[in-house]
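Novice: Sequence and predicted structure, then a few things I'm wondering about:
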Amino acid sequence: MVKKVAIIGGGAAGFFTAINIAMINPDIKITIYEASNHLLAKVLVSGGGRCNVTNAIYDPKELIKNYPRGYDFLEPVFNQFNSKDTQNWFNAYGVKLKTEDDGRIFPVSNSSQTIYNCLTHQCKILGISIRLKSRLKQIEFKNQQWELKFKNFDTHADFVVLATGSNLMMYDLLRSIKIPIVDPVPSLFTFNVKQHEFIVLAGISVPNSKVIIKEIPDHEEHGPLLITHWGFSGPAILRLSAWLAIPLAEIDYTFTLIINWNNYDIELLKRQLLIQIKDQPKQKISNWIGHGLPKRLWQNLFIQMGFKEYLNWAELGKKGIDSILKNLTCFEVSIEGKSTFKEEFVTAGGIDLSSVNPFTFAIENHHHLYAVGELLNIDAITGGFNFQAAWSGSYVAAKAISGIAHK
């Protein structure tokens with residue numbers, strides 16, 4: 001008898017699972033059920049429409065360091081299918097990839113449509129069925145099969161793969177069949193400033209910041225920081241939001257952000273200021289370029305420090321030195337709220353990993369039920385890592401399902 005697999009969710013994880021099952025065992029009948037009218041939505045919008053497929057970190061022990069939640073679970077997963085395997089997979093099916101200087105990997109086409117086309121084409125040639133506008137309403141294991149009730153129809157399957165992404169309705173449905181859920185909270189978000197004194201500088205970025213949250217001082221991030229119309233963004237902010245997603249939710253996203261604008265060493269910077277006072281006493285401080293910041297940002301900080309435009313180094317004094325040091329190395333901003341990336345929204349939380357087998361992605365105590373992708377309590381910082389967890393988990397699940405179905 002032909003085995004039937006139902007994939008719930010038409011995103012990256014759902015497609016990759018379906019395709020790899022079909023490639024390993026073409027005798028299995030596979031259907032993808034997508035609740036909306038759109039397939040691979042996050043693939044299309046990720047990376048600014050370029051799709052950050054994965055990252056050039058291949059060692060599983062190094063790769064897992066980019067996952068605030070799920071890192072221990074993922075090491076054996078990445079030992080089975082890592083980011084190099086992802087590159088080889090897409091290359092084998094006609095997608096040329098390129099590695100950028102920061103290690104992120106994109107299609108050479110610079111278009112997420114290339115990934116979309118690859119995945120949908122493979123589904124077509126492998127005979128995988130796709131049903132849109134099919135929202136799962138009920139799931140029950142009965143008579144050695146899964147009975148699935150959708151909004152407008154019922155069906156059954158021998159295997160079910162849950163690949164819906166973060167979904168509150170799905171969490172409620174899973175709780176009803178005794179699958180433990182870690183309550184979700186946002187991850188990868190930007191910081192909002194209520195009284196935004198830098199709004200005139202929106203679009204300006206610094207490449208080498210250090211950022212800390214005053215109320216949670218045991219974690220810092222380094223890297224590019226972007227001033228936006230609503231507050232602060234950029235890789236350093238997004239990484240900080242990911243690692244501290246849970247404690248930030250607990251304080252309702254109201255906190256003090258401390259910025260070291262150029263990751264200055266405070267003692268070296270102080271010596272630099274004293275040299276300026278000695279060597280350039282008559283030079284206007286507003287014209288100083290040794291700070292290494294964008295000119296408009298320095299001028300704005302200069303004004304915020306309360307200095308007069310004509311102030312020179314000889315007139316600075318100890319209080320002036322302390323003011324520059326404080327504003328360049330530990331500038332404080334009151335944050336009130338967050339902004340997320342809508343379609344690229346990522347959450348911390350989901351199916352508790354203690355109930356999932358990392359060698360098969362089967363859910364414990366549920367016959368032939370699997371979960372992959374962001375529905376699990378796994379999330380990563382930016383850089384292609386969330387997709388890599390989806391590709392790896394989906395491949396492992398596909399291999400397990402194909403092997404069982406073949407018996």
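Specialist: Arrived safely.

Novice: ok, the strand of greatest length in the chain: who's next to it in the sheet?
Specialist: If each strand of the chain is counted by residues according to DSSP state E, the longest one is strand 216-227. Taking DSSP bridges as the criterion, strand 216-227 forms sheet pairs with strand 205-213 (antiparallel), strand 231-233 (antiparallel).

Novice: And that strand, how far out from the chain middle?
Specialist: Between the centre of strand 216-227 and the centre of its chain there are 16 Å (CA atoms, centre = their mean, to the nearest Å).

Novice: which other residues reach it?
Specialist: 198, 201-213, 232-237, 239-240, 243-244, 247-248, 255, 259, 261, 263, 297 (CB atoms under 8 Å, 6 or more residues apart in numbering). In short, each C-beta sits where N, CA and C put it, glycine included.

Novice: Apply 6 Å and report the result again.
Specialist: Here strand 216-227 makes contact (CB atoms under 6 Å, 6 or more residues apart in numbering) with 198, 201-202, 204-207, 209-212, 233-236, 239-240, 243-244, 247, 263.

Novice: One more: stretch 315-335?
Specialist: So stretch 315-335 is contacted by 191, 193, 255-261, 264, 266, 273, 301, 305 (CB under 6 Å, 6+ apart).

Novice: Next: stretch 352-364.
Specialist: So stretch 352-364 is contacted by 73, 76-77, 180, 182, 369-372, 377, 393, 396-397, 400 (CB under 6 Å, 6+ apart).

Novice: on that earlier part again, could I get the buried residue list for the longest strand of the chain?
Specialist: Of the residues in strand 216-227, 220, 221, 223, 224, 225, 226, 227 count as buried by neighbour count, 16 or more other CB atoms under 10 Å.

Novice: Now a ChimeraX select for only the buried ones of the contacts of strand 216-227.
Specialist: In ChimeraX syntax, the buried subset of the contacts of strand 216-227 is picked out as below (16+ other CB under 10 Å):
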select :198,201,204,205,206,209,210,211,212,233,234,235,236,239,240,243,244,263
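
Novice: Can you add distance to residue 82 and give the buried residues of strand 216-227 back as a markdown table?
Specialist: A markdown table is the format used below for these (distance: CB to CB, whole Å):
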| residue | distance to residue 82 |
| --- | --- |
| 220 | 28 |
| 221 | 25 |
| 223 | 24 |
| 224 | 26 |
| 225 | 30 |
| 226 | 30 |
| 227 | 36 |
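
Novice: Pick out whichever of these sits closest to residue 186.
Specialist: Set against residue 186, the nearest of the buried residues of strand 216-227 by CB to CB is residue 221 (16.9 Å).

Novice: next one: the helix or strand containing residue 123 to chain centre, how far?
Specialist: Assigned by DSSP states H and E, residue 123 belongs to helix 112-126. Relative to the chain's own centre, helix 112-126 is displaced by 23 Å; criterion: CA atoms, centre = their mean.

Novice: for it, packing partners?
Specialist: helix 12-24, helix 41-49 (3 or more CB pairs under 6 Å, 6 or more residues apart in numbering; DSSP states H and E).

Novice: any chance of those helices in a markdown table, plus mean neighbour count and mean pLDDT?
Specialist: Listed next are the helices and strands packed on helix 112-126 as a markdown table, based on neighbours: other CB atoms under 10 Å; pLDDT from 0 to 100:
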| stretch | mean neighbour count | mean pLDDT |
| --- | --- | --- |
| helix 12-24 | 26 | 98 |
| helix 41-49 | 18 | 92 |
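
Novice: looking at those helices, which is closest to residue 404?
Specialist: Per CB to CB, nearest to residue 404 of those: helix 12-24, 10.7 Å.

Novice: Would you mind listing the buried residues in the helix or strand following the closest one?
Specialist: On the C-terminal side of helix 12-24, the closest following helix or strand by DSSP H and E is strand 29-33. Under the neighbour-count criterion of 16+ other CB under 10 Å, strand 29-33 has 30, 31, 32, 33 buried.

Novice: What of stretch 103-112?
Specialist: Within stretch 103-112, judged by 16+ other CB under 10 Å, the buried ones are 104, 105, 106, 107, 109, 112.

Novice: what does stretch 271-278 give?
Specialist: Buried, per 16+ other CB under 10 Å, within stretch 271-278: 273, 276, 277.

Novice: Just put those residues in JSON lines and tack on secondary structure and distance to residue 47.
Specialist: Converted to JSON lines, the buried residues of stretch 271-278 look like this (DSSP: H, G, I helix; E, B strand; the rest coil; distance: CB to CB, whole Å):
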{"residue": "273", "secondary structure": "helix", "distance to residue 47": "41"}
{"residue": "276", "secondary structure": "helix", "distance to residue 47": "42"}
{"residue": "277", "secondary structure": "helix", "distance to residue 47": "46"}
